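Engineer: Let me see the structure of the following:
(2 chains)
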2 protein chains.
Amino acid sequence: MRIALAQVNSVVGDIPGNAAIIREWARRAAEAGAHLVAFPEMMLTGYPVEDLVFRESFVAASRDTLRQLAADLAADGLGELPTVVGYIDADGPARLGATVTIAGPPEDVPSPIDRGPRDALALLYGGRVVATYFKHHLPNYGVFDENRYFVPGDTLTVARIGGVDVALTVCEDIWQAGGPFAVARQAGVGLVVNINASPYELNKDDVRLSLVARRAREAGAAVAYVNMIGGQDELVFDGDSLIVDADGNLLTRGVQFTEQLLVHDLELPESTVDASRSGPADVFDDEVDSDSEGGAGIGKRQAAGVRDAMHIERVLVSRAMPASAGAQPEPGFGGGEHPPRSSAAPAADGGMADRVVDEAEVWQALVHGLRDYVRKNKFPSVVIAVSGGIDSAVVAAVACDALGPSNVVGVSMPSSYSSEHSKDDAADLAKRTGLSYRVQPIQPMVDAFLTNMAEAGSPLSGLAEENLQARVRGIVLMALSNQEGHLVLTTGNKSELAVGYSTLYGDSVGGFNPLKDVFKTMVWRLATWRNEEAVRRGEQPPIPENTIRKPPSAELRPGQLDTDSLPDYGTLDPILAGYIDGDLGREELILAGHDAALVDRVLRLVDLAEYKRRQSAPGTKISVKAFGRDRRLPITNRYREAAVPIATPAHDPVKSSTQT
Amino acid sequence: MRIALAQVNSVVGDIPGNAAIIREWARRAAEAGAHLVAFPEMMLTGYPVEDLVFRESFVAASRDTLRQLAADLAADGLGELPTVVGYIDADGPARLGATVTIAGPPEDVPSPIDRGPRDALALLYGGRVVATYFKHHLPNYGVFDENRYFVPGDTLTVARIGGVDVALTVCEDIWQAGGPFAVARQAGVGLVVNINASPYELNKDDVRLSLVARRAREAGAAVAYVNMIGGQDELVFDGDSLIVDADGNLLTRGVQFTEQLLVHDLELPESTVDASRSGPADVFDDEVDSDSEGGAGIGKRQAAGVRDAMHIERVLVSRAMPASAGAQPEPGFGGGEHPPRSSAAPAADGGMADRVVDEAEVWQALVHGLRDYVRKNKFPSVVIAVSGGIDSAVVAAVACDALGPSNVVGVSMPSSYSSEHSKDDAADLAKRTGLSYRVQPIQPMVDAFLTNMAEAGSPLSGLAEENLQARVRGIVLMALSNQEGHLVLTTGNKSELAVGYSTLYGDSVGGFNPLKDVFKTMVWRLATWRNEEAVRRGEQPPIPENTIRKPPSAELRPGQLDTDSLPDYGTLDPILAGYIDGDLGREELILAGHDAALVDRVLRLVDLAEYKRRQSAPGTKISVKAFGRDRRLPITNRYREAAVPIATPAHDPVKSSTQT
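Structural biologist: Sure, this is the predicted structure:
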């Protein structure tokens, strides 16, 4: 059986556009001689659609377009190619999230609690929707809120395609043992298709293969795993689609972050089960895997809600292997059986994509996350404040890789505290990358505030004066955005966001932040890797060596260095990773070898900066826990990780401790 | 039996401070002769604590402090007063949310899926924790993410207190039929205590009483409902504690938004059940109520995960009615039975608080939401840009009511487009309210940007120039905040946030926004009500009449009016309420009588402004659906509610359509 996995890039909410992508790639699959093509989870609607699920009109658009798509595929001559598509369905009210008016006391009535919106999969064949499956395991941790939106399915759909029984599953279903894959073993299937919208995290691909292999062994069947690619706000999807055999051996693997049709031939057993035999399975999924989408241990409690036994629903699609390569459907064909045909195409091998180093993987994640935010929101270009420092240099290099240097504007905005090397390094960056460069001195505007506010009785000094410089730069960027249409990129890295080392409405100004989830030490690693990569390619390294080597400084007062206020980043970042990504407490961090006084200081900085992060720009998630929906903390929060309660103010006034 | 409900104000994360509040109010309850005192849900930790749950150290602090509290209460001489307290417990790992490192492929292992963090209730007596209960129904809609944090309990705890069987439940448990209250009927209890952290929404109090009454009839028992008061970031809790008898008749009701000990005598039946008889209940909670915390229809799917039968756990606290009024515990007393005593206090009647009009209720919500954000975060004062318009005037009046006029700074920041009446109205507002007033002209700073950016080759015009004025004002406010320590309040109302009628980093600058969830038409109603209320009290009305009467304008160009860009607010707000609060689609809005072209225009404005709302300040939720965690939508989203797909850009560059 020739399987095609369409590792493509959908756009949230662009239902007609996504349907067009499906038609195009189904055509390619047919041309490649595929007997089955699978698209990612929620391919038709994009993922995640969040509260759009609550709008009946949106769910209706998903369902209606799916039916039209089935007909369109048949009209395209692709009716005989079984096509697996993720979409949103509902067998109950979508609008569980709100009411406009509360008309008197409601009565107690029994409700159809097992019906509502569904994270759904459809099998399209012969111009019709011949089978559907509703996702069983709904992730509700990390960035995921699927219990908010969906009702879990309790039936495993098994489709007989070319005599082979194929179980159809969605994403999280593969992250837990004892669920649909155990039921698939009972059903005796030869293949499990698992369609995904699984966001990128550094190292997740290492877990993915072993996970899919375990599930294959659990099901006693080959597994075809397809994942989407592309950016969606704070998430980026890396593809990494793959197929393993029933023993868990890897057969083929797609390229990360690349649109690709992964086509591979599989030897699959013909089913001997009576295809009309649907019924209950006797597996209870009360055992769960020790890992999950978000890392080891997550998702355990998720399973607590779905202890019920599952049912098996069998659908006969075709007794013999379907024909392919754009064959026309039989006249009057109704989606059931049809005469056997054999594929004439030569043997297909999807190949094995090379694994890449962490820096390369992260760089691609940042490039794709930024590119799709810009393109999907139809911005013509971006503008970046280039300071001569490492953060803005890396963002500029990412932007040039994502959009081309002609769509990147860099603005140097020197004040009276800016060093000569900063101006030189910024100009050097522009020359190396080819971005559009301009210089906008800010001292006259800074002076206008200082003079006029002093005259009106409000003289500024110290931190207020330092922040003023950053805010004048923010105004300049926004004025250029308003005047010329660029998206403003902000460049604060994860270490800075963590400790609040930024000026709210100053250097934090921007619609998107490529470094939001990148610790400072990784920013340096990325810069070094990207320069080395340029050398490997025989190109000019984009980032000035001096920018990488010099000690970081915000340059808001004479001779200022980051290390005046913060520990060395090599010391800081592991504490931050433990506290933020790992939810470790003070004692655990000290046990891990960190200095107690430093831990206290760092944790306090992180706690006090929550109000700034709440108003920060979105940026691409690359870690196990990114700031944003992945980490939800109150602003008003007096809990401090300390041996003794702290009596000092719970958070500072709206201002920065200092800034970059 | 004399019940005391402590309607108090806890602080998130201030576990020692909250424990001190419990000791103080337990003392008052004892002095009032109470036989039982109940505190709100998560009283000890504050609510909601969000991802703090994932930190083992936090959960340990909650549990350890609870045990210490039980001992401290006994040491205070309050050991004989049964005290019900909400807190966080865990009988499994708290840290389900993250891992620091992924150490090789994890193995499939059976996991204790029914253990983990718990939204818990404890009964303290005799210096010990004598009983606990774990919340059964976990809300996961609206602002609630409790499936993310907690494992649901499956055991109803029944405590025999003074011979009366009392069932102990938490918050959402009361919003669904067929759950713990049905089990309480089987257990034959005389009273159900329900402790809450139920956020304020306009009209929720109307639903609350009928809901509690229905549950009382379902349980065949009196119900004592206690809710917290006070603000926590975007939420404000209104109290409204109440007690109904077994027939659902209201016996007493607390005052909204007021710290209060509601003390009331109840006639309750002595139990005839064997107090040692614990065991399974035969009720399955697969029937759910048609309403819930968030309004009718929500929470249905919530119940899908908890179809298991519950168990009943009985605890003998005291055979006879406990003594009260600060009586000392017996030496060596261990939490079990003790000699009967009778209370000598006169009959207690908690009384019946008056219901108030909507405007009064909302005004109090805004006052308490702002006051607690300021106080709990220890800001000394606030600063507001007073423009002479209605929004800033209402915010200033709310701030003066919340903090006193001496802690409110109003800054008038006229530009060359500011009208004389604006300056006069701002000054009049200052005079009427007594706030600290100053004038800071902005034209010199605006001109500095215009001149210097033109000189550097980037001349500004049109929208860029309009936004510049708003952003210079934002800088001035932040400079004053940094220099003098004020919290900046921003004043954009819900109508403006909805359609994006604001300047990002301009008038949107601020740490808190009292009007974030208040539609413009309600802003006017509030102003009128507050002025009339002043007249009723014989005080000066705070808001200038001219501010209420004049047509709204952003005054960023000559003669500008809001109605140049937007429909009349009386027309706009119902469309917004339907689309945002009600999740209605285009066709439903047109069916409801709205003009089709206007609906298309408004919906498009709302969709395109999502990126601005993502960076907006927090503000008090007063409606069924507030911007913020209550409404989660992607920024990148091409779905448009329209008859035909729209091919134009999905969202504008980072800028405002126009601004206020």
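Engineer: Just say helix, strand or coil for residue A:45.
Structural biologist: What DSSP: H, G, I helix; E, B strand; the rest coil gives for residue A:45 is coil.
Engineer: quick one: it and residue A:448, what's the gap?
Structural biologist: For residue A:45, the distance to residue A:448 equals 50 Å [C-beta to C-beta, to the nearest Å]. All C-beta atoms are positioned from the backbone trio N, CA, C, and that covers glycine.
Engineer: Looking at those two, which one has more neighbours?
Structural biologist: Using other C-beta atoms under 10 Å in any protein chain shown as the criterion, residue A:45 and residue A:448 rank with residue A:45 on top: 29 against 22.
Engineer: Surely the more buried one and residue A:88 touch.
Structural biologist: Yes: proximity of residue A:45 to residue A:88 meets the contact threshold set by C-beta atoms under 8 Å, at 5.2 Å.
Engineer: distance of residue A:42 from residue A:206?
Structural biologist: Taking C-beta to C-beta, one finds residue A:42 at 25 Å from residue A:206.
Engineer: Comparing the two, which residue is more hemmed in?
Structural biologist: Set residue A:42 next to residue A:206 and count neighbours by other C-beta under 10 Å: residue A:42 wins out with 28 against 13.
Engineer: Which element, helix or strand, includes that one?
Structural biologist: Under DSSP states H and E, no helix or strand contains residue A:42.
Engineer: Chain neighbours aside, what residue packs nearest to it?
Structural biologist: residue A:86 (4.6 Å; C-beta to C-beta, 6 or more residues apart in numbering or on different chains).
Engineer: The one you found is in contact with residue A:48, isn't it?
Structural biologist: No: using C-beta under 8 Å, residue A:86 is not in contact with residue A:48; the gap is 11.8 Å.
Engineer: which residues do those two both contact?
Structural biologist: A:42, A:197 (C-beta atoms under 8 Å, 6 or more residues apart in numbering or on different chains).
Engineer: what about these two, which has more around it?
Structural biologist: Ranked by neighbour count (other C-beta under 10 Å), residue A:86 and residue A:48 place residue A:86 first, with 30 against 25.
Engineer: The more buried one: what secondary structure?
Structural biologist: strand.
Engineer: OK, contacts around it?
Structural biologist: So residue A:86 contacts A:39-44, A:47, A:119-121, A:170, A:195, A:197 (C-beta under 8 Å, 6+ apart).
Engineer: so which of those would you say is closest to chain B?
Structural biologist: When those are compared for distance to chain B (C-beta to the nearest C-beta), residue A:47 wins out at 9.5 Å.
Engineer: Stretch A:615-627 and chain B in contact?
Structural biologist: Yes: legend: contact between stretch A:615-627 and chain B by C-beta under 8 Å from any C-beta of the partner chain is shown at A:615, A:616, A:617, A:618, A:624, A:625.
Engineer: how about the residues you listed in JSON lines, adding pLDDT, distance to residue B:383 and neighbour count?
Structural biologist: Below are the residues of stretch A:615-627 next to chain B laid out as JSON lines (pLDDT from 0 to 100; distance: C-beta to C-beta, whole Å; neighbours: other C-beta atoms under 10 Å in any protein chain shown):
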{"residue": "A:615", "pLDDT": "97", "distance to residue B:383": "17", "neighbour count": "20"}
{"residue": "A:616", "pLDDT": "97", "distance to residue B:383": "22", "neighbour count": "21"}
{"residue": "A:617", "pLDDT": "98", "distance to residue B:383": "25", "neighbour count": "22"}
{"residue": "A:618", "pLDDT": "98", "distance to residue B:383": "28", "neighbour count": "25"}
{"residue": "A:624", "pLDDT": "94", "distance to residue B:383": "39", "neighbour count": "26"}
{"residue": "A:625", "pLDDT": "96", "distance to residue B:383": "35", "neighbour count": "25"}
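Engineer: In TSV: those, plus distance to residue B:386 and secondary structure.
Structural biologist: TSV is the format used below for these (distance: C-beta to C-beta, whole Å; DSSP: H, G, I helix; E, B strand; the rest coil):
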residue	distance to residue B:386	secondary structure
A:615	23	coil
A:616	28	coil
A:617	29	coil
A:618	32	coil
A:624	46	coil
A:625	41	coil
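Engineer: At the geometric centre of chain A, which residue do we find?
Structural biologist: Centroid check for chain A by C-alpha atoms, centre = their mean gives residue A:235 as the closest residue, at 2.4 Å.
Engineer: correct me, but residue A:436 touches residue A:400?
Structural biologist: No: counting by C-beta under 8 Å, residue A:436 does not reach residue A:400; the two are 10.5 Å apart.
Engineer: Common neighbours of these two, please.
Structural biologist: Counting by C-beta under 8 Å, 6+ apart, the residues touching both residue A:436 and residue A:400 are residue A:408.
Engineer: And those two? Which one has more around it.
Structural biologist: Legend: neighbour count by other C-beta under 10 Å for residue A:436 and residue A:400, higher for residue A:400 (22 against 16).
Engineer: so what does the strand or helix carrying that one touch, helix or strand wise?
Structural biologist: For residue A:400, the enclosing helix or strand under DSSP H and E is helix A:390-403. Helices and strands touching helix A:390-403, by 3 or more C-beta pairs under 8 Å, 6 or more residues apart in numbering or on different chains; DSSP states H and E, are helix A:358-376, strand A:382-385, strand A:408-412, helix A:420-433, helix A:520-536, helix A:545-549.
Engineer: Work out the gap between it and the centre of the chain.
Structural biologist: Offset of helix A:390-403 from its chain centre (C-alpha atoms, centre = their mean, to the nearest Å): 20 Å.
Engineer: same check, this time on stretch A:548-568
Structural biologist: 33 Å.
Engineer: what about it, average pLDDT?
Structural biologist: The pLDDT scores in stretch A:548-568 average 90.
Engineer: buried set for it?
Structural biologist: A:548, A:550, A:552, A:553, A:554, A:555, A:556, A:560, A:562, A:566, A:567 (16 or more other C-beta atoms under 10 Å in any protein chain shown).
Engineer: now do stretch A:159-172
Structural biologist: Across stretch A:159-172, burial judged by 16+ other C-beta under 10 Å covers A:159-172.
Engineer: Find the pair from those residues with maximum spatial separation.
Structural biologist: By the measure C-beta to C-beta, A:163 and A:172 form the most distant pair in those, at 29.6 Å.
Engineer: Any part of stretch A:50-58 near chain B?
Structural biologist: Yes: judged by C-beta under 8 Å from any C-beta, stretch A:50-58 comes into contact with chain B at A:50, A:51, A:52, A:54, A:55, A:56, A:57, A:58.
Engineer: what stretches of chain A score poorly on pLDDT?
Structural biologist: Scanning chain A for pLDDT under 70 picks out A:95-113, A:282-308, A:322-346, A:642-660.
Engineer: Return the distance of the spatially most distant residue from the centre of chain A relative to residue A:446.
Structural biologist: In terms of distance from the mean C-alpha position of chain A, residue A:455 ranks first, at 50.4 Å (C-alpha atoms, centre = their mean). Separation of residue A:455 from residue A:446 (C-beta to C-beta) stands at 15 Å.
Engineer: same thing with residue A:162?
Structural biologist: 72 Å.
Engineer: Apart from its neighbours in sequence, what residue is nearest residue A:533?
Structural biologist: residue A:360 (7.4 Å).
Engineer: Spell out the residue ranges of the helices in the stretch 501-650 of chain A.
Structural biologist: Ranges of helices within the stretch 501-650 of chain A are A:520-536, A:545-549, A:569-576, A:586-591, A:596-608, A:610-614, based on DSSP state H, counting those that start in this stretch.
Engineer: now those in a markdown table, with distance to residue B:82?
Structural biologist: Formatted as a markdown table, the helices of the stretch 501-650 of chain A follow (distance: least, C-beta to C-beta, whole Å):
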| stretch | distance to residue B:82 |
| --- | --- |
| helix A:520-536 | 54 |
| helix A:545-549 | 66 |
| helix A:569-576 | 44 |
| helix A:586-591 | 34 |
| helix A:596-608 | 36 |
| helix A:610-614 | 37 |
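Engineer: Right, I'll leave it there.
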